[in-house]
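Asker: below is the sequence, then the predicted model.
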Amino acid sequence: MKSFLFLYTPSYLRILIYMIQSSEYQFVEYLKWYWRTKDFRQVMRRRTLDETRAAKLLYYAISVGFYCQIFASVALIIYAAFNDNFSFLGIGLGVIFFTPVIWAFLVAVPLLFGRWILVSPGNKKLISEAEKIFKNHPATKIAILGSYGKTSMKELLGQVLSSGLKVAKTPGNKNVAISHAHFAKKLKGDEDILIIEYGEGQPGDIANFSKNTHPDIAIITGIAPAHLDKYKTIETAAKDIMDIATYIQPSDIFVNQDSELVKKFAPKGVNYYSSSGVGTAHLKNHKIEIEGSEFEYIDGKTMLKIKTGLIGKHNIGAAGLTIHLGLKFGIEDKLILNSLKAARAYDHRMQVRNMHGAWIIDDTYNGNIEGMRAGLELLNHLSAERKIYITPGLVDQGEENESIHTELGRLIASAHPDIVVLMNNSVTKTITNSLSDHGYNGEVKIEANPLRLYSNLDHFVARGDIVLMQNDWTDNYN
């Protein structure tokens, strides 16, 4: 009864707008989420509504319409009761009963027609104009693509190359066609290097991005099961990523050899990089600690001792590639060394912070099994009083869902954390079963309220702990 009455509160209307935001204004995805939700009080538990101007205006607009409809229905019921008009009485009661559903649909309809009538034509024009800008721009254009690690690679490469050249890079994780177009419109025209992140999400994306941005060099950071709700299979996702070879010569493509699936699908003639080396250069004497990493870059007579604030074996390979490209573009050794020394993890990507003597490794942006593997390998390597691992699991795994989460359970068990905290969702049972099957004998906690856990993390940890938090699970997934 309480959940039914909640549908008539202002909080319900805020949740509708939150669902629209979290669905990224996709009409069909929003409606699917709405129809599968059983208790709307449980929706906004991991995040909160982003109080943008548009969100506020939409909230006020639907609030007026929603409650005007309720009041009109109540007036109709009162009129019908005093006049023994059972037809009007039934209509009034029916309208009140269906008002929450009616407005859930009405609030989404403008998204559909607005996208078709207003947004899409304007976007097409902007993308067409940007394509001409990219085509005529004299800079070397570097595309960064793959299932994971793109933003971190882009930020690191941008930091190193900008020490000696004029570099522009797509901001944050703005990595789709319209984002590329907005980026192009802000270019000055005198840049030496453009770094463009490609955010593939469905078949054909890489081909479209390549046609629009005209890349000269590509870096493929890895392949892992991701976006399988649209790609359906890992083979389809890999084929889409490797479509970049249609637009760039294999000799100008750099592929992460630490990714097993990349090696399986990469075309002949590409360049490989890894934590062991890149091209003719070797990366040796790795030293990885919670506060940073060290290694040596050796290529013939060139020997550089590297220190960086990045952690994890996977970041050594990325750093090695940035050195290789920095030297290729003529940047001085000293500038490269200083850039890498100043480098820190990008937000929520193996980002380290100290909390009352405990170390928190925030890898919550990660959303693939290869990233989980790298983080758990690091957790196993590091020393601590207690090791705590927190994850909700992975989304968008499609037909690989069960096997991926079985593998995740195995990886967690092999890292030997003292405590494992799992969020209560549709994959929790698969992970716990796998932990048991692989002999994990530490403590397992199931958290029903993720937002509460993250908000009160300082009460959960103690001095000397290392806490690794991986992935996020937005409310629009079960």
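Answerer: On my side now, so go ahead. Numbers count the residues shown, from 1 in each chain.

Asker: contacting residues for the residue minimising distance to the centre of the chain?
Answerer: The chain has Y365 as the residue nearest its centroid, 5.0 Å off, counting by Cα atoms, centre = their mean. Applying Cβ atoms under 8 Å, 6 or more residues apart in numbering, we find Y365 in contact with 151, 347-349, 472. For glycine as for every other residue, the C-beta is placed from the backbone atoms N, C-alpha and C.

Asker: what about 6 Å?
Answerer: Going by Cβ atoms under 6 Å, 6 or more residues apart in numbering, Y365 touches 348-349.

Asker: before we move on, which element is it in?
Answerer: In the assignment (DSSP states H and E), Y365 maps to no helix and no strand.

Asker: go on, K287?
Answerer: Going by DSSP H and E, K287 is in strand 281-289.

Asker: look at the residue nearest to the centre of the chain and report its pLDDT.
Answerer: pLDDT for Y365: 78.

Asker: OK, contacts around L379?
Answerer: Applying Cβ under 6 Å, 6+ apart to L379 gives the contacts 387, 415, 468.

Asker: the first one and I316, how far apart?
Answerer: When you say that, I think you mean K387. Separation of K387 from I316 (Cβ to Cβ, to the nearest Å): 22 Å.

Asker: neighbour count for the two, which is higher?
Answerer: I316 (25 against 20; other Cβ atoms under 10 Å).

Asker: mind listing what the residue nearest to the more buried one when sequence neighbours are not counted touches?
Answerer: Closest residue to I316 apart from its sequence neighbours, by Cβ to Cβ, 6 or more residues apart in numbering: S275 at 4.5 Å. The contact partners of S275, by Cβ under 6 Å, 6+ apart, come to 258, 313, 316-317.

Asker: filter those down to the ones in helices?
Answerer: Among the contacts of S275, DSSP state H puts 313, 316-317 in helices.

Asker: quick revisit: can you tell me how far the residue nearest to the centre of the chain is from Q351?
Answerer: Distance of Y365 to Q351, computed by Cβ to Cβ: 9 Å.

Asker: longest helix anywhere in this structure?
Answerer: Longest helix in the chain by number of residues (criterion: DSSP H): helix 53-82.

Asker: student question: in the protein, what's the helix or strand with minimum average pLDDT?
Answerer: Least confident helix or strand, the chain: helix 109-114 with a mean of 63, by mean pLDDT, DSSP states H and E.

Asker: contacts only, for Q257.
Answerer: With Cβ under 6 Å, 6+ apart, Q257 has these contacts: 272, 274.

Asker: for V444, same thing?
Answerer: V420.

Asker: begin at 182 from here
Answerer: Noted, 182 is the first residue going forward, which turns the last one into V625.

Asker: show me where the stretch 232-381 of the chain has its strands.
Answerer: Using DSSP state E, counting those that start in this stretch, the strands of the stretch 232-381 of the chain run over 321-326, 348-350, 374-378.

Asker: what angle do the first one and strand 374-378 make?
Answerer: Read that as strand 321-326. 20 degrees (axes from the mean of the first three to the mean of the last three Cα atoms, to 10 degrees).

Asker: domain ranges for this structure?
Answerer: Using automatic domain parsing, the domain parsing of the chain gives 183-288, 319-523, 532-651.

Asker: helices of the stretch 332-481 of the chain, start to end?
Answerer: Listed in chain order, the helices of the stretch 332-481 of the chain (DSSP state H, counting those that start in this stretch) span 358-366, 386-394, 409-412, 415-423, 441-446.

Asker: which of the ones you listed sits closest to F315?
Answerer: helix 386-394 (4.8 Å; Cβ to Cβ).

Asker: out of everything not next to it in sequence, what's closest to G327?
Answerer: The spatially closest residue to G327, leaving aside those adjacent along the chain, is T402, at 3.5 Å (Cβ to Cβ, 6+ apart).

Asker: ok so, going back, could you list which of the contacts of L560 belong to helices?
Answerer: Counted as lying in helices by DSSP H, out of these, are A596.

Asker: just send the contacts of L560 back as TSV, with pLDDT too.
Answerer: Putting these into TSV (pLDDT from 0 to 100) gives the following:
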residue	pLDDT
K568	95
A596	94
L649	94
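
Asker: could the contacts of L560 go into TSV alongside distance to N356?
Answerer: Formatted as TSV, the contacts of L560 follow (distance: Cβ to Cβ, whole Å):
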residue	distance to N356
K568	33
A596	30
L649	25
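
Asker: which among the contacts of L560 gets closest to S204?
Answerer: Set against S204, the nearest of these by Cβ to Cβ is L649 (29.1 Å).

Asker: dump the residue contacts of the closest one.
Answerer: 542, 556, 560, 570.

Asker: repeat for E372
Answerer: Residues in contact with E372 (Cβ under 6 Å, 6+ apart) are 320, 347, 349.

Asker: okay, it and S360: tell me how far apart.
Answerer: 17 Å.

Asker: tell me where the stretch 532-659 of the chain has strands.
Answerer: Secondary structure of the stretch 532-659 of the chain by DSSP E, counting those that start in this stretch: the strands cover 532-536, 539-544, 567-572, 600-604, 624-628, 646-651.
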